[in-house]
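Undergrad: Next come a sequence and a model predicted from it.
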Amino acid sequence: MRSPLNTQYDFIVCGSGSSGSVVARRLAENPEVNVLLLEAGRDDDVDTVLKAEQWPLNLGSATDWNFSAEPSPHLNGRAIPLNMGKVLGGGSSINVMMWSRGHKNDWDYFASEAGDDAWNYEAVLDIYRAIEDWQGVPDPAHRGTGGLVFVQPSPDPHPVAPAALDAAETVGIPSFDSPNGVMMEGDGGAAISDIRVRAGVRQSVFRAYTYPYMDRPNLTVLTDALVTRVLLDNQTATGVEFVYEDKTHRIAAGVEVILSLGAINTPKVLMLSGIGDSTDLARLGIAPVQHLAGVGRNLQDHAGINCVWESPGTLAPRNTSSESTIFWKSDPALDTPDLQCCQLETPFASAETAALFGMPAYGWSMFTGVVRPESRGRLWLTGSGPADPVRIEANLLSHPADLAAAVAGVERTREIGNAAPLRPYAKREVMPVKLTGRGLERYVHDAAITYWHQTCTAKMGRDELSVVDGQLRVYGIQRLRIADGSIMPRVTTGNTMAPCVVIGERAAQILRHTHRL
């Protein structure tokens, strides 16, 4: 991180999050390949990142991009924050550390959209088995050991977590040894959460993949380096422009540039580089280089709604304070679970519902997410300069089907939270209590916040809104690929860190095969 910069590297990877860290590591494994990894955020050697229980302190801090969505009529006019990691490790350094692979149907859909079976569930399952160092009940058909990714069920969970699994069974939701594997090949279920924590220390993707290679002379990692544009020459990416120590630098890429900046900054940099909707770009004075109408469109996220109970006393949260997770269907006819509930061992709610209902001194929550949303958002540039903010219309719960799913999710969550196995931990239900009909819909509009899974703004596919093909190449541009959550055609069912690691692994496979590394 203190090494002098070269004028050219073979590969420049922009962004050190859950995909970029993987790509940089896999490329640097070849000692003949020079890699530059650029990160706009700070170093990750801070307590709020490293100590698992301190994850909430990252929200709104210097390790957060602090994006905010536009006020939305679908959220009763609220403008909600959209937290994203601005630090080595990206989202994997500020998230709740849950390892959730996505449903089998998600990956088969990816393969269908890309026209490439290398994205299907069976192929991705091979990747998961290869990279995991699974510490739970052995399951050779689904889990791997000895890989880079340490994963374990939340160890010694607070008794409220297994009680939640017992409560789920009272409404017909079966329990499993893990929320991954067979549970996410069918109708869903309940399990103790798989987490990326070892002895209380966060295991970010950067720490797992890139950090062990920091002493390699062929890998340079630069923090506080804000990527502003991709340098282009006749539809070919030749390098990147970035700001470092208040100076603008231009570094050449001899082979390829890989954007791994996340679902907001990746489309922003594309548009600043002249890649996007040509009419919108020209209106801002940006010369269009490649018309791709889908850049910044198709924004997807999981809306989460909290139900809160007061406990007789403090629960003394353990691990990540979120130790059980439940997937189920709002409609039995669906092919995939569309709802996810994560139990939190603290009271947690939106500012509006907290003000309306009051928050208990001691309590726990069940955070229910709509994880197969029909709602779609979009982001725009507000100016032609890198410092100009993006305008983000998240559009959470804008589709009637998502509102219906959210209402059904809250109703089922209340059944679980008020079931007999959880009664020893509940003094009273705080919110939403017995709201029904329009009253419950208003509660959902007031309570909904992001699940922090912004994705899909530079989607992989073959239609008019697709930005990359199945090989992650940006359409119409040579030597430029995208590897992050923005390439998802549809947000995965559950937390997005693990799928982003797979996206990084797939990108690395493609690059090594293409360039015979």
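TA: Received the coordinates, thanks. Just so it is clear, the model here is predicted, and its values are computed rather than measured.
Undergrad: Could you tell me how far residue 470 is located from residue 115?
TA: As judged by Cβ to Cβ, to the nearest Å, residue 470 and residue 115 stand 6 Å apart. All C-beta atoms are positioned from the backbone trio N, CA, C, and that covers glycine.
Undergrad: now do residue 267
TA: Per Cβ to Cβ, residue 267 is found 23 Å from residue 115.
Undergrad: One more: residue 90?
TA: Distance of residue 90 to residue 115, given as Cβ to Cβ: 29 Å.
Undergrad: Those two: which has the busier surroundings?
TA: residue 90 (34 against 12; other Cβ atoms under 10 Å).
Undergrad: got the residue ranges for the strands in the stretch 301-450 of the chain?
TA: 303-310, 324-328, 339-344, 363-370, 378-381, 390-393, 428-431, 449-450 (DSSP state E, counting those that start in this stretch).
Undergrad: mind checking how far residue 234 is from residue 290?
TA: Separation of residue 234 from residue 290 (Cβ to Cβ): 11 Å.
Undergrad: Same question for residue 243.
TA: Applying Cβ to Cβ to residue 243 and residue 290 gives a distance of 24 Å.
Undergrad: what about these two, which has more around it?
TA: residue 290 (20 against 16).
Undergrad: thought the more buried one was touching residue 477?
TA: Yes. Using Cβ atoms under 8 Å, residue 290 is in contact with residue 477, at 5.7 Å.
Undergrad: So for these two, which residues contact both of them?
TA: 235, 275 (Cβ atoms under 8 Å, 6 or more residues apart in numbering).
Undergrad: residue boundaries of the helices in the stretch 201-350 of the chain?
TA: For the stretch 201-350 of the chain, the helices defined by DSSP state H, counting those that start in this stretch occupy 205, 262-272, 278-283.
Undergrad: for those, which one sits closest to residue 362?
TA: The closest of these to residue 362 is helix 205. By Cβ to Cβ, the value is 33.9 Å.
Undergrad: which helices and strands does the closest one pack with?
TA: If contacts are counted by 3 or more Cβ pairs under 8 Å, 6 or more residues apart in numbering; DSSP states H and E, helix 205 sits against helix 497-514.
Undergrad: Could you list every helix and strand in contact with the helix it packs on?
TA: Counting contacts by 3+ Cβ pairs under 8 Å, 6+ apart, helix 497-514 packs against helix 20-28, helix 121-131, helix 205, strand 247-259, strand 480-482.
Undergrad: that older thread, which stretch among the strands of the stretch 301-450 of the chain comes nearest residue 181?
TA: Of all the strands of the stretch 301-450 of the chain, it is strand 324-328 that lies closest to residue 181, at 12.6 Å by Cβ to Cβ.
Undergrad: Need the three-state assignment for residue 164.
TA: Each residue gets one of three states, and residue 164 gets helix by DSSP: H, G, I helix; E, B strand; the rest coil.
Undergrad: Helices along the stretch 51-200 of the chain, start to end?
TA: Taking DSSP H, counting those that start in this stretch to define them, one finds helices in the stretch 51-200 of the chain at 104-114, 121-131, 160-169.
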